[in-house]
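Enquirer: sequence-free structure coming up:
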């Protein structure tokens, strides 16, 4: 490339709490380059966003303004600019990217809004774009999309519309309990024990009130009976996911469920649901955000070219 | 005092994970002085215990060896010296303090063992001494002693014996969720809202499977509806204590329950149980550990004088 021509036709940005991921895109949807950094929303002050972005995308910019489309926590109150929430029920196509002013004239920045639900109160920022990407591939899907992560989302989709959703802090609770509570002495940092996991899920699902009493017992079992750290990890994971499945039962019971996530965690959800007699499809969520950003970018490019 | 005479007849030590508390005692049970520091077990390496203790009690020592009696996490595997656990059922008087060698010849150190339960697996270190102090005052008590704290203990006492017990990590979970999870943006650092608390307790007790879904809703309610931080704090506390009461129901239902703790937390447990129709007695736990140490010290002094 020379100094004036652009390397990309537009730039896609997935900007979450802990990670910043960018893609140099061709107008045909091809990925020309990608990059990422630890400059997540959580670690940036308001005037830190533009430098963090330029640090990754500068080589892709040319002499004319470049469409940059971002989703995720970058649009939260603590982000670059606060985007409104669109209330469910909503179609991903209803999520209108809003222009945000950047200092650098080469940036023609848009940020996608998030989704909200009034009762029970709930919000999402970023996952709505994953849902858009999922529906771009499977426009006729009718059922539940489960997106496991730090904050797992259960999304009810019908007639290409997000009908309702529910958020569980299971991933964050696991990280806090396994890494920072007294259980850190008993729980291994990795390793799997699928049978123990599934048993722990069933234990809590059949009697959710057991959750609170089971947690400290993980510590006591390792002190008194030398419980293996991998077994303790599988039990803790099973107890917390079991509590989530007990709470989200109306979302999955008798439903058509797709679990879209990264490999080990998504499979745990699939295994847990299978043990409840529900056959789910477990897929990789990593292409979904970019697919959703492509959908939204196409709408902007249509309007402006 | 002069250089050779001792200021105290013996020294009582309550040595937990985060605090070290010491008392200079007269043989008649009177307290001549007290002191405390942040040198809890959690922050000390094995050879840091004796200096941390001497730092507080040095002025109380004389020319002859001094009985020093300690209870709590100082007797754990990560403590000064690992004490065994005595298995329930057990009387507090069965807990035999064990001599531990100190470098300083002026220290005649004893540490109390902890209590264990094989099924469900559970352990305590320190609370058994509180139970001993409680029974010294109320030898005929028959019922449940609830000791709220970082790790709340429910102790079944009958015929002056600890029959069984159960530990809940409610306090630690509250601290992690309120201080380190995404909820920290929504939950006030202090303040009370008793009606909201009691309502949240009832919400979870009636349907314990709601716990997982209620947590993130605290964040969403503050984002969407400007929920007050004190209300969010009361709800979080109510959800977690509600989950504990749902799990510990066999311990308190229809029982004679005394809640012994520090003021605001113990009262929350009392209020939560009252809302379930159970009248409890709420008392101050602060004198219990010293009372229990006095009981155990009397047994050593009897034997050796």
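Expert: Yes, it's here. What you see is a predicted model, and the numbers here were worked out from it, not measured in a lab.
Enquirer: need the pLDDT of the residue of chain A most remote from its centre.
Expert: Largest separation from the mean C-alpha position in chain A: residue A:224, at 38.6 Å (CA atoms, centre = their mean). In the predicted model, residue A:224 carries a pLDDT score of 97.
Enquirer: repeat for residue A:106
Expert: 96.
Enquirer: residue contacts, the residue lying closest to it once chain neighbours are set aside?
Expert: Leaving aside its chain neighbours, residue A:106 sits nearest to residue A:61 (4.7 Å; criterion: CB to CB, 6 or more residues apart in numbering or on different chains). Every residue, glycine included, has its C-beta placed from N, CA and C. Residues in contact with residue A:61, defined by CB atoms under 8 Å, 6 or more residues apart in numbering or on different chains, are A:6-7, A:106-107.
Enquirer: top of these by neighbour count?
Expert: The member of these surrounded by the most neighbours (other CB atoms under 10 Å in any protein chain shown) is residue A:107, with 19 neighbours in all.
Enquirer: report the beta-bridge partners for the closest residue to it other than its chain neighbours.
Expert: Of all residues not flanking residue A:107 in the chain, residue A:68 sits nearest, at 5.5 Å (CB to CB, 6+ apart). For residue A:68, the beta-bridge partners are residue A:11, residue A:109 (DSSP bridges).
Enquirer: identify the residues contacting residue A:68.
Expert: Taking CB under 8 Å, 6+ apart as the criterion, residue A:68 is in contact with A:10-11, A:13, A:53, A:57, A:107-110.
Enquirer: mind running it again at 7 Å?
Expert: By CB atoms under 7 Å, 6 or more residues apart in numbering or on different chains, the contact list for residue A:68 reads A:11, A:13, A:107-109.
Enquirer: from chain B, how far off is the most centrally placed residue in chain A?
Expert: Nearest to the mean C-alpha position of chain A, counting by CA atoms, centre = their mean, stands residue A:127 at 5.2 Å. Separation of residue A:127 from chain B (CB to the nearest CB, to the nearest Å): 13 Å.
Enquirer: buried set for the biggest helix by length in chain A?
Expert: Ranked by residue count, the top helix of chain A under DSSP state H comes out as helix A:229-247. For helix A:229-247, a neighbour-count test (16 or more other CB atoms under 10 Å in any protein chain shown) marks A:230-247 as buried.
Enquirer: and chain B, which of those residues reach it?
Expert: Subset of the buried residues of helix A:229-247 in contact with chain B: A:243-244, A:246-247, counting by CB under 7 Å from any CB of the partner chain.
Enquirer: around chain B, which positions in the stretch 101-250 of chain A sit nearby?
Expert: Residues of the stretch 101-250 of chain A lying near chain B (CB under 7 Å from any CB): A:116, A:118, A:120-123, A:151, A:166-170, A:172, A:176, A:180-182, A:208-213, A:215-217, A:220-221, A:223-225, A:243-244, A:246-248.
Enquirer: list the helices and strands the host helix or strand of residue A:57 packs on?
Expert: Taking DSSP states H and E as the definition, residue A:57 sits inside helix A:49-57. When contacts are defined as 3 or more CB pairs under 7 Å, 6 or more residues apart in numbering or on different chains; DSSP states H and E, helix A:49-57 packs onto strand A:20-25, strand A:31-37.
Enquirer: sheet partners, orientation included, of the longest one?
Expert: Going back to what we said before, that points to strand A:31-37. strand A:20-25 (antiparallel).
Enquirer: so where's the stretch 151-300 of chain A uncertain?
Expert: By pLDDT under 70, the stretch 151-300 of chain A contains no weakly predicted segment.
Enquirer: for it, what spans make up the strands?
Expert: Ranges of strands in the stretch 151-300 of chain A, per DSSP state E, counting those that start in this stretch, are A:152-158, A:161-168, A:257-261, A:281-284.
Enquirer: so for stretch A:60-79, what gets flagged as buried?
Expert: Quick answer for stretch A:60-79 (16+ other CB under 10 Å): A:60-61, A:66-76, A:79.
Enquirer: end to end, how far does it reach?
Expert: End-to-end distance for stretch A:60-79: 23 Å, by CA to CA, to the nearest Å.
Enquirer: pull the distance from that stretch to the chain's centre.
Expert: Taking CA atoms, centre = their mean, to the nearest Å, one finds stretch A:60-79 lying 18 Å from the centre of the chain it belongs to.
Enquirer: pLDDT averaged over it, what's the number?
Expert: According to the model, stretch A:60-79 has a mean pLDDT of 95.
Enquirer: now do the same contact list for the residue nearest to residue A:127 when sequence neighbours are not counted.
Expert: The shortest distance from residue A:127 to any non-neighbouring residue, by CB to CB, 6+ apart, is to residue A:153 (4.8 Å). Taking CB under 7 Å, 6+ apart, we find residue A:153 in contact with A:124, A:127, A:147, A:165, A:167.
Enquirer: for residue A:153, list each beta-bridge partner.
Expert: Beta-bridge pairing for residue A:153 (DSSP bridges): residue A:147, residue A:167.
Enquirer: give me the domain ranges for chain A.
Expert: Domain segmentation of chain A under automatic domain parsing yields A:10-125, A:167-284.
Enquirer: tabulate the ones you listed (JSON lines), appending distance to residue B:134.
Expert: Converted to JSON lines, the domains of chain A look like this (distance: least, CB to CB, whole Å):
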{"stretch": "domain A:10-125", "distance to residue B:134": "42"}
{"stretch": "domain A:167-284", "distance to residue B:134": "21"}
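Enquirer: now, of the ones you listed, which is deepest in the fold?
Expert: domain A:167-284 (a mean of 20; mean count of other CB atoms under 10 Å in any protein chain shown).
Enquirer: just the terminal-to-terminal distance for it.
Expert: 19 Å.
Enquirer: and what of stretch A:187-201?
Expert: End to end - CA to CA - stretch A:187-201 spans 17 Å.
Enquirer: could you do stretch A:91-109 as well?
Expert: With CA to CA, one end of stretch A:91-109 sits 23 Å from the other.
Enquirer: what lies in contact with it?
Expert: A:50, A:54, A:61, A:65-69, A:80-81, A:83, A:86, A:110-113, A:128, A:131-132, A:135, A:160-161, A:292, A:295-296, A:300.
Enquirer: pull the distance from it to the chain's centre.
Expert: Distance, centroid of stretch A:91-109 to centroid of chain: 21 Å (CA atoms, centre = their mean).
Enquirer: then stretch A:284-291?
Expert: 10 Å.
Enquirer: how long is it from one end to the other?
Expert: End-to-end for stretch A:284-291, by CA to CA: 13 Å.
Enquirer: and for stretch A:273-284?
Expert: End residues of stretch A:273-284 are separated by 17 Å (CA to CA).
Enquirer: identify the residues contacting that stretch?
Expert: So stretch A:273-284 is contacted by A:198, A:201-202, A:205, A:245, A:252, A:257-260, A:266-267, A:270 (CB under 7 Å, 6+ apart).
Enquirer: most widely separated two among those residues?
Expert: A:202 and A:260 (23.9 Å; CB to CB).
Enquirer: that older thread, distance to residue B:23 added to the contacts of residue A:153, as a markdown table?
Expert: Formatted as a markdown table, those follow (distance: CB to CB, whole Å):
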| residue | distance to residue B:23 |
| --- | --- |
| A:124 | 54 |
| A:127 | 56 |
| A:147 | 55 |
| A:165 | 56 |
| A:167 | 49 |
